[in-house]
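Novice: Requesting a structural model of the entry that follows:
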Amino acid sequence: MMATVRVQAIVVRGERILMVKHRQNGVEWWCIPGGGLEEGETSAQGALRELMEECNVHGRVLRQTAHLYMPDGNDAISFLVDIGEQEPSLGHDPDVAHGEDILADVRWLSLREIPERDRIFLWAAGLVGVPGFWAEIELWDNDISYPTSA
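Specialist: Below is the predicted model of the structure:
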């Protein structure tokens, strides 16, 4: 199997992050807009294309926030992106057959509204370096917590 590069956009408005809900085989998860890098495009161009496909908004890359090197070779490159005052709406995934789209919702969510398992990918994408979110981390206490199985 060939390694791929995921390109993704961190879009922030106030204390909220633009998130896309995916649904496939009875499982749902939230992630930032993104997808596979296409041949001939730069990683920044790919992130902006994915943002347009999934959220129907044009963006402007402010800076790269992270390059995550995964053990399986499927890297992820993240960018902080500005969309101005545009209002996102649910787009589509052109790589999925019509009627089988796995995109289920698009919303501005605060960290508190994002499930713990989905939040971890935000930190890996470089959210810790986005203005305002370090202040959020500074409010956390020193308690050790870890999800327990049901």
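
Novice: how close does the residue nearest the centre of the chain get to residue 20?
Specialist: Nearest to the mean C-alpha position of the chain, by Cα atoms, centre = their mean, lies residue 32 at 1.5 Å. In this structure, residue 32 and residue 20 are 7 Å apart, going by Cβ to Cβ, to the nearest Å. Quick note: C-beta positions are derived from backbone N, CA and C, even for glycine.

Novice: cool, and residue 125?
Specialist: 13 Å.

Novice: Between the two, which contacts overlap?
Specialist: Residues touching both residue 125 and residue 20 (Cβ atoms under 8 Å, 6 or more residues apart in numbering) are residue 32.

Novice: can you list the residues that contact the helix or strand containing residue 137?
Specialist: Taking DSSP states H and E as the criterion, residue 137 maps to helix 133-138. The contact list for helix 133-138, computed with Cβ under 8 Å, 6+ apart, reads 15, 111, 127, 128.
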